[in-house]
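A.B. asks: sequence unknown, structure follows:
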């Protein structure tokens, strides 16, 4: 009676199909990878771009927000590299080993690939794909399987990215910083794909920054990072999304966490026109402790969506999720956070908090914290609040002689601080607080 | 016949032996103090008597009025007059203390084939006992132990004991976490319940409580069995010398 | 460790096969042939001698329904429903003559007696009139209940009609209102739940059989609680009530709804629509105890309860409060909601949902803040046992115009046993900065230590569970009118005990 209505393909969907047909043979990888790409693209074709009737994308209607698909980015030319180099200067705050990708392609001359510590290997994803690397293929798309369409689209088009391996028991002294710069003069689409394997007992800190050279170019970024955290390993991943206001940025982290590990994730978002940060974490081993946090500061017509699925598949894991968003002008933040506790994941302790601060009448915060519990001996909860700055607090500060704007800034900083404090690395924590301060200054 | 007889009791928890052939007899009308170092099995004994799950009795008998109670459910033991004052009383949100008291009392009466208590009679009894223990009516309206201080929780245990009128009272570290005033109130409550028909086992680490509730017999428990029995002077000796000698004796 | 084995065992044997209300009343009934078509819609409308516009409205709904699909977003699963294999009209065959209590089939009266419904006025008065010398609480007739009983599709008796008439309150079957006050029905029906709101509401709009109609005039405080007891009796009978309650300016009404159904192997579909309209300064309190047959121990049979309930706080300072105790049905799909349109309007949702056996519950509320300084409060307590799944799904939204909107939400879930699931899916949409939303949710289990503590005091394991659960849901129980609170407590115990039948 009620037949499924096939939606008409949008301009963007048609462009992606044309593009895939044109480039698929040129994309890196042997036949086995080609099959992966074909399967993934077929999945995209069946589903189309996610839209508001797809529950997971309810608040970020990509079909409406992505009017057209930009052409695939080409190999960066000298001018692009020069622009990228200039942009990098602004990221120098933290001492880290930088691996730089310009318009999705690894640029060795801008990267710090020398003198790698023992037990650390860093390679280009495109090269590893082209070589049909066995280890890579064993992990690719398998750590946390998902049928998410954005991930499928990335798999179909994946180009370059980082392939990092840290051997068992190795503790890296220096953070690794993956820097993705959009520097092409023409708007283009970039499909970056990275895989990071941190073996048992190893310790690593991974920074991931996405920046643009100017606000003018409306780049489209679809980045996927697959991360394996071994048993008793300790990994921090901090992602900074700071592209120009015209950029469309969709990123997906798929993290498989082992037993007795420590895992800290932080999402810091101030840039991009439309941002969707997806985090799929699976706790597959017992006794792991994890913190998944984030701060989003938006203005203008920025739209940022954080979608988190934290799956507790093993017993006795603890996870804390804290997300803060500060929204000015027409900024709109979306937080969807789902905690799943599988039947045997007894003694799970998971608590999620999400708070939105609306600074303007026209801002919007949509929150959807979810619990899906199948084990009875658990402690799970979530809290969500949204509202404006507390007038009484503001008044109190003003009564002490602090000017209104400054008082607001102080309170906002304190609000965001609660999430940022969760970052263990002091230098990075300070760097992010500086960015918050700068964002607040720019508001005035 | 003794009120309580424990014969050659062996108990394991998670495969670990805690009680090793414990023997103890408590006559009606007497107060026994059970002392011993941490980990000697004092609280285990309390829980085994009350029938807590996960305690596996591998050997031995526990007779209450000559009847073996080890096969009975906790509520059946309670109805037979066994009361355990918990070291850490549980909180039950949303259930008014008054409701809890009435439900417990009537459940026990029902099991014993007695008629339920009328509401006025019940209220009269509660008020009487609560008054003696200095428990405010307001506290009785609150959820069981919810938001109670440590002292209030322990007084609530004694209130329940007084109301339920058990035959055998097992007090598990009732003195822990109490200041001196609260200790006196609790001790007064216990002393008021002493009667020729009732027996007490007071589990404690310290001699302090025994100044207020004077025991007839004092036992020292070490490594799951009673290693010494004496009169109230034994508790004072322990206070002076500590438990070291008993731990060494066993070694 | 999961809950103590005995408890889990008790819960497994839950009263699914001892359903207390599972008797079938043996009376002849008058039904339309199975299946749905324009002819059936016309048949129903003709049977009820409806005005032409009502038929046109039903046909419009039917045609729209043909183009719609069943909603799929809820966390429930069931085999496809064959909408052509359902009777859309069934009425007890009645003798000719005036409709008075004496005329009612004694079998029906017996059924209500078994249900404990105070159908006869005498019985009602005997049961609840306060002892001599004591005044009625607040002089509002508290303690007396007027019953509009719906037996399958037709309302069979309305009590207290005269006293209500004196106050000017209209309380009658909606089929009767269509005869006596058609303009009133026409003015309000479908204004809260539009004709094509959702698949089940549209189906209801096409084939609704009967239901209650209430109108409380300006400034009137309804002198007693109004109550409807729905009951599905006929085999393969879909139950499609339509309830419409209008509280005019400054009025107040409290409405109670109870539901049970006999045991059947087949799944019975129940797709009701309830529309509430509160005008300026008016207040409507709507309470439900839902105890439809949940199916047997293997998950066979039971009611599919796919219900659309929505209240419109149309006037300033109006208030609508939903309280529900959901213990029955194989599947519950139900979101009693409030549209807070008038400035300062207030919406409330208090819910206890207990699922056991193979039951599936997907229930919650929507609080749509449209007016300034509107407030809402959501307290939801979900208890999952057996192999059931229990989902809270709720939306709180503040429109850009809804300055100063406030919401407080608290959703707690309790799991009993390790084969069940408890889920929380709140949608919280703040579209202006002066809206303040607070939401909290927790999931926990009854700790073994707490159960041991209770048992040490003499409570049996199942009594201990019932006691702790009653404490867990206390905040919501307190919201139920007195007459219902006692029944509710009993129901909770029944739902959680294995031995009580």
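C.D. replies: Cool, got the structure. Because the structure is predicted, anything quoted here is derived from the model rather than measured.

A.B. asks: Just give me the neighbour total for the residue of the stretch 201-350 of chain A found nearest chain C.
C.D. replies: Here the stretch 201-350 of chain A gets closest to chain C at one residue, residue A:343, 6.6 Å apart by C-beta to the nearest C-beta. All C-beta atoms are positioned from the backbone trio N, CA, C, and that covers glycine. Burial of residue A:343 is recorded as 14 neighbouring residues (other C-beta atoms under 10 Å in any protein chain shown).

A.B. asks: residues in contact with it?
C.D. replies: By C-beta atoms under 8 Å, 6 or more residues apart in numbering or on different chains, the contact set of residue A:343 is A:374, A:375, C:418, C:419.

A.B. asks: Does the host helix or strand of residue A:442 reach chain C?
C.D. replies: If you go by DSSP states H and E, residue A:442 is part of helix A:426-443. No: figure legend: helix A:426-443 not in contact with chain C (C-beta under 8 Å from any C-beta of the partner chain); closest approach 14.5 Å.

A.B. asks: so how far is that helix from its chain's centroid?
C.D. replies: In terms of C-alpha atoms, centre = their mean, to the nearest Å, the centre of helix A:426-443 is found 19 Å from the chain centre.

A.B. asks: Show me what it packs onto, helices and strands only.
C.D. replies: Helix A:426-443 is packed against strand A:289-298, helix A:404-420, with contacts defined by 3 or more C-beta pairs under 8 Å, 6 or more residues apart in numbering or on different chains; DSSP states H and E.

A.B. asks: what does that helix contact?
C.D. replies: A:93-95, A:175, A:207, A:238, A:240, A:268, A:270, A:295, A:297, A:299, A:328, A:409, A:412-413, A:416-417, A:420-421, A:423.

A.B. asks: Mind giving me the PyMOL select for these, buried ones only?
C.D. replies: Here is the PyMOL command that picks out the buried ones among these, judged by 16 or more other C-beta atoms under 10 Å in any protein chain shown:
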select buried, chain A and resi 94+175+207+238+240+268+270+295+297+299+328+409+412+413+416+417+420+423
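
A.B. asks: And the furthest pair within the contacts of residue A:343?
C.D. replies: Using C-beta to C-beta, those span at most 10.1 Å, a distance reached by A:375 and C:419.

A.B. asks: For the two, indicate the residue with more neighbours.
C.D. replies: Legend: neighbour count by other C-beta under 10 Å for residue A:375 and residue C:419, higher for residue A:375 (24 against 18).

A.B. asks: Let's see the pLDDT reported for the residue positioned nearest the centre of chain C.
C.D. replies: Residue closest to the mean C-alpha point of chain C, counted by C-alpha atoms, centre = their mean, is residue C:288 at 4.2 Å. What the model reports for residue C:288 is a pLDDT of 88.

A.B. asks: before we move on, what about residue B:2?
C.D. replies: In this model, residue B:2 is scored at 89, pLDDT.

A.B. asks: Over to residue C:26?
C.D. replies: If you check residue C:26, the pLDDT there is 48.

A.B. asks: same question, residue A:6
C.D. replies: The model reports residue A:6 with a pLDDT of 53.

A.B. asks: Assumed residue C:49 was part of a strand.
C.D. replies: No: Residue C:49 sits outside any strand when classified using DSSP: H, G, I helix; E, B strand; the rest coil, being coil.

A.B. asks: where's residue B:174, which helix or strand?
C.D. replies: Judged by DSSP H and E, residue B:174 forms part of no helix or strand.
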